[in-house]
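# With the input below, show me the fold.
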Amino acid sequence: MMLTKLKVATEDLHRKIEKENLASLIVSNNISLEEYKLLLLQNYIAYAVTEPSIAKYLDHYEIHKTPRLLRDLDQHGIMGKIPFGIKENFRIVNRAQALGAAYVVEGSALGGMVIAKHINKCPALDNIEQHHFFNGDRENIKTWNSFSKFIKKQEFTPLEEIHAIDKAKETFLFFGEVFRTIKLNGS
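This next block holds a predicted model:
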């Protein structure tokens with residue numbers, strides 16, 4: 001029930017943010033190496049801020065996207081540095097909000113699988129031996145499936161539903177902000 005409420009409440013926002021993301025250039029096989037590096041940096045910053053915030057409120061929440069992105073950045077000689085002030089743009093203050101944010105963060109594995117299917121068709125990325133984040137590993141879907149089962153078992157008060165839905169929306173907006181503002185030079 002809550003999973004459906006989160007999906008319905010964020011559907012339009014999810015589509016909008018997806019269109020603004022450089023990952024669409026992977027799906028169209030038109031991404032340049034510099035655009036790919038920027039995409040990795042943007043994702044790193046978004047996940048490096050959201051994952052630890054979620055982990056503070058959810059027992060057994062595993063931070064798994066950030067380390068893979070850091071490996072990709074290292075591979076390309078890019079420092080995984082979070083610009084000053086960006087962490088303050090995302091805060092979680094309770095468990096319901098953490099579940100709403102986790103819905104967005106864990107749900108991104110589904111899009112990541114689609115992107116991974118196209119990444120090897122991008123000529124500009126031919127020389128990359130291994131993709132750590134967009135790797136197409138089925139294990140990524142298992143994490144989403146586990147989260148889906150977990151959230152289906154949770155009981156939410158009406159106020160907690162509002163907190164979770166609002167934070168899911170805010171999380172999409174935060175990702176959108178990162179995608180719009182972060183450039184390779186750190187600006």
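
# Can you list the low-confidence ranges for this structure?
Counting by pLDDT under 70, the chain contains low-confidence ranges at 185-187.

# can you pull out the helices in it?
2-20, 23-27, 33-55, 65-75, 95-119, 139-153, 158-181 (DSSP state H).

# Quick one: closest of the ones you listed to E88.
For E88, the closest of the helices of the chain is helix 33-55, at 9.5 Å, according to CB to CB. Using the backbone N, CA and C atoms, a C-beta is placed for each residue, glycine as well.

# still on that earlier bit, between the helices of the chain, which gets nearest to K81?
Smallest distance to K81 across the helices of the chain (CB to CB): 8.5 Å, for helix 33-55.

# Could you tell me the angle between the closest one and helix 158-181?
On the basis of axes from the mean of the first three to the mean of the last three CA atoms, to 10 degrees, helix 33-55 is oriented at 160 degrees to helix 158-181.

# Next, the buried residues of helix 33-55.
Neighbour counts over helix 33-55 (16 or more other CB atoms under 10 Å) mark 35-51, 53-55 as buried.

# With stretch 115-125 instead?
Quick answer for stretch 115-125 (16+ other CB under 10 Å): 115-116, 118-119, 122, 124-125.

# wait, what's in contact with L13?
L13 makes contact with 169, 172-173, according to CB atoms under 8 Å, 6 or more residues apart in numbering.

# out of those residues, which is most surrounded?
Counting neighbours by other CB atoms under 10 Å, F172 leads the contacts of L13 with 22 neighbours.

# I'd guessed Y36 sits against N127; true?
No. Judged on CB atoms under 8 Å, Y36 makes no contact with N127 at a distance of 11.1 Å.

# Nearest residue to F172 in space, please, no chain neighbours.
Nearest in space to F172, with sequence neighbours left out and distances taken as CB to CB, 6 or more residues apart in numbering, is L13 at 4.6 Å.

# Okay, that neighbour and I162: tell me how far apart.
Counting by CB to CB, to the nearest Å, the gap from L13 to I162 is 16 Å.

# likewise V8?
On the measure of CB to CB, V8 and I162 end up 14 Å apart.

# more crowded one of those two?
I162 (14 against 10).

# State the number of residues packed around H163.
A count of neighbours around H163, defined by other CB under 10 Å, yields 21.

# mind listing what it touches?
94, 96-97, 100 are the contacts of H163 under CB under 8 Å, 6+ apart.

# Just the buried subset of those residues, written out for PyMOL, thanks.
Buried residues within the contacts of H163, by 16+ other CB under 10 Å, are selected in PyMOL with:
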select buried, resi 96+97+100
